[in-house]
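[1] Here is the input, now give the coordinates:
(2 chains)
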2 protein chains.
Amino acid sequence: MDVTIAIDAMGGDHGVRVTVPAAVRYLRQHPGDTIILVGLPDVIKAELRTLKSTSEPRLHIFAASEVVGMDESPQLMLRSKKDSSMRVAINLVKKGEASACVSAGNTGALMAIARYVLKMLPGIDRPAIASFLPTNKGQVCMLDLGANVDCNAEHLLQFALMGSALVYAIEHKDNPTVGLLNIGSEDIKGNEVVKQAAKLLRQSDLNFYGNIEGNDIFKGLTDIVVCDGFVGNVALKTTEGLAQMLGGFLREEFKRNALTKLTGLIATPVLNAFRRRVDPRRYNGASLLGLKGIVLKSHGAADELAFYCAIKRAAEEARGGMLHHISEHIEKWHYECQQKAREAS
Amino acid sequence: MDVTIAIDAMGGDHGVRVTVPAAVRYLRQHPGDTIILVGLPDVIKAELRTLKSTSEPRLHIFAASEVVGMDESPQLMLRSKKDSSMRVAINLVKKGEASACVSAGNTGALMAIARYVLKMLPGIDRPAIASFLPTNKGQVCMLDLGANVDCNAEHLLQFALMGSALVYAIEHKDNPTVGLLNIGSEDIKGNEVVKQAAKLLRQSDLNFYGNIEGNDIFKGLTDIVVCDGFVGNVALKTTEGLAQMLGGFLREEFKRNALTKLTGLIATPVLNAFRRRVDPRRYNGASLLGLKGIVLKSHGAADELAFYCAIKRAAEEARGGMLHHISEHIEKWHYECQQKAREAS
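    Coordinates of the predicted model:
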């Protein structure tokens, strides 16, 4: 199935210098798909000229006169700047002219505008941010990564439903396993919300693995890891911090003196192979789930490869029918709840 | 100041095979200090014979007839096994015969018995688990790492008071900085508990840096990182999992073929220097804070070096007068609260 992706061409730290070449790269590798670059036409065209890609097939430009700044307030963005590249790109999804949109702009504004324009899917109370991380066995989908700081058990269940739909759409895995992030594997561990969420997950049609601990995430024990947005955000950023520190220490050790520098030169191919394996750019693109449309948030500092990966993920979600799978899971869950209520009465 | 450390010689995955050689090593490197090995005398003596250390000066054996299993229920341990090596070691601290105790046994049982035997310091509602982690600039003290799954703002303040006292005792740093773990640096970010805790921290005499994010922990932005036990436990275990995965990937890349194996051989000294720098054994020893006594929990799987480091940390806490510093902070805080109440009335 061919899909059309709307791109907020002006968003992110680097704007068109990253979004436009990433779009061109995507189109060349995915014949059939279409991209709509949303933003200031002159700026976009200038970048296309630099890339000698002025007559790219399946590449369209859609004018938007304003740009959302990286530090602007989401509430202000909602009221003003109705012609921002971010909002216009989301509008294209709303109107059915694009199957998904991607932006590297301000997360808060993207979430607020997407929620306002697209509205929530029926049966989902809160949107969630989901992302994939590398594991020993492949990759794991983790959510929520920061959209919700206070969650109840029902929210965590909804995150699990959405995560399962996302993994099914992206990896075509039937019945992906769901782990509930906790501070021990036993049922008695954790706070009340997590204990209650475990009960709901056991009642659902999802493939619930049980509680998992922080160190299990990277073992690839489960396909999906569910947690509240505070815990998920801290865990994700802590791993980013650790990876940066370890990378820095490794570089320092190889640069200590002439001998270690020579060793580093000899080890370059191996170190590069290692780096490629855990390259965070390959995992760029966080899904804003729970909306009536597919919206991907790219890292603000994304380079061309990273932004390309976010476009690819958006296309995969659209092609895999993610929204349909979320609705299916929600319907099944409500049906089971009704059954239980009937049995109980 | 010379200190006496009581050691639960039977605790941990390896019991006397690790605790006894670690104790002997500690005594040889710290003339003046004394160690009391608590457990089954025959088993301890046999290990000392193997080590040819039967006449070690400043090494005493104190008999305890029972052993706490790694999987036994803390509640059961409290009621039964009153002569366990763990409980007897804690009792020696209670009676003032030791300045601190160290155990590699079951965390839940250690916390329950320590709390029952030693009682809480006045002004501290909940015990907390604190540990040091390596950073770009040195080390950071993080707490709570799992003792409390539901915390209010006042608990987080108390953790900050205790963490400050611990860092002062260990590193002799006046006014160490306190960071509050959050999902953004701005005041409006986070859940209600964290927002309220930030207000209390600002009112306290502590050197409050402000909110910090997960990736700031390893930057060494602050000397202390405060969070609730659920978040802290997940963050700590997630970093353990990531470090294991990255280490595994690096090993795999160096073992891919004959050429990469040769490269690995050449790079061994550099890789070893890197490994030493982040060796988790050097950071072994989590402090159970808030009790009327110093109790250190070693990792259950600790080897001799790791257990030695936990003994060293226990001695440093005792020598640094940590309990006194906690009480001082608490008194100051209560005085300030009274002042404020007076001004308000």
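[2] What segments of chain A are strands?
    Using DSSP state E, the strands of chain A run over A:4-8, A:34-39, A:59-63, A:100-103, A:128-134, A:139-143, A:177-181, A:207-212, A:224-226, A:286-289, A:294-297.
[3] Turn these into TSV, including mean pLDDT and mean neighbour count.
    Where you see a C-beta, it was placed from the backbone N, CA and C, and this is true even at glycine. Compiled in TSV, these are given as follows (pLDDT from 0 to 100; neighbours: other Cβ atoms under 10 Å in any protein chain shown):
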stretch	mean pLDDT	mean neighbour count
strand A:4-8	97	29
strand A:34-39	97	26
strand A:59-63	95	17
strand A:100-103	97	30
strand A:128-134	95	24
strand A:139-143	96	24
strand A:177-181	97	25
strand A:207-212	95	20
strand A:224-226	97	30
strand A:286-289	96	27
strand A:294-297	97	27
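[4] will you turn those into TSV that also has distance to chain B?
    Output for those, formatted as TSV (distance: least, Cβ to the nearest Cβ, whole Å):
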stretch	distance to chain B
strand A:4-8	22
strand A:34-39	27
strand A:59-63	32
strand A:100-103	19
strand A:128-134	8
strand A:139-143	10
strand A:177-181	6
strand A:207-212	10
strand A:224-226	10
strand A:286-289	14
strand A:294-297	15
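[5] What sits closest to A:L201 if chain neighbours are left out?
    Spatial nearest neighbour of A:L201, chain neighbours left out: A:F208 (4.2 Å); criterion: Cβ to Cβ, 6 or more residues apart in numbering or on different chains.
[6] again, but for A:P127
    Nearest residue to A:P127 in three dimensions, chain neighbours excluded: A:G290, at 4.0 Å (Cβ to Cβ, 6+ apart).
[7] Just the pLDDT at that neighbour, thanks.
    Listed pLDDT for A:G290 reads 95.
[8] Could you report the neighbour count for it?
    By the measure other Cβ atoms under 10 Å in any protein chain shown, the count of residues near A:G290 is 27.
[9] before we move on, back to that, how near is the residue nearest to A:L201 to B:R202?
    A:F208 is 42 Å from B:R202, where distance means Cβ to Cβ, to the nearest Å.
[10] And A:V149, by the same measure?
    Here the criterion is Cβ to Cβ. By it, A:V149 lies 20 Å from B:R202.
[11] of these two, who's got more company?
    Taking neighbours as other Cβ under 10 Å, A:V149 and B:R202 compare with A:V149 leading, 21 against 11.
[12] Is A:K312 in contact with A:Y26, as I believe?
    Yes. Here A:K312 lies in contact with A:Y26, judged by Cβ atoms under 8 Å, at a distance of 6.7 Å.
[13] Contacts only, for A:A314.
    A:I5, A:A100, A:C101, A:V102, A:G285, A:I294, A:L296 (Cβ atoms under 8 Å, 6 or more residues apart in numbering or on different chains).
[14] check contacts around the second one.
    Residues near A:A100 by Cβ under 8 Å, 6+ apart: A:V3, A:I5, A:A6, A:V93, A:G293, A:I294, A:V295, A:L296, A:A314, A:A315, A:E317, A:A318.
[15] Find the residue closest to it in space, skipping its chain neighbours.
    In this structure, A:A100 finds its nearest non-sequential neighbour in A:I294, 3.6 Å apart by Cβ to Cβ, 6+ apart.
[16] re earlier: quickly note the distance from the residue nearest to A:L201 to A:C337.
    A:F208 is 16 Å from A:C337, where distance means Cβ to Cβ.
[17] now A:A310
    If you measure A:A310 against A:C337 using Cβ to Cβ, the figure is 35 Å.
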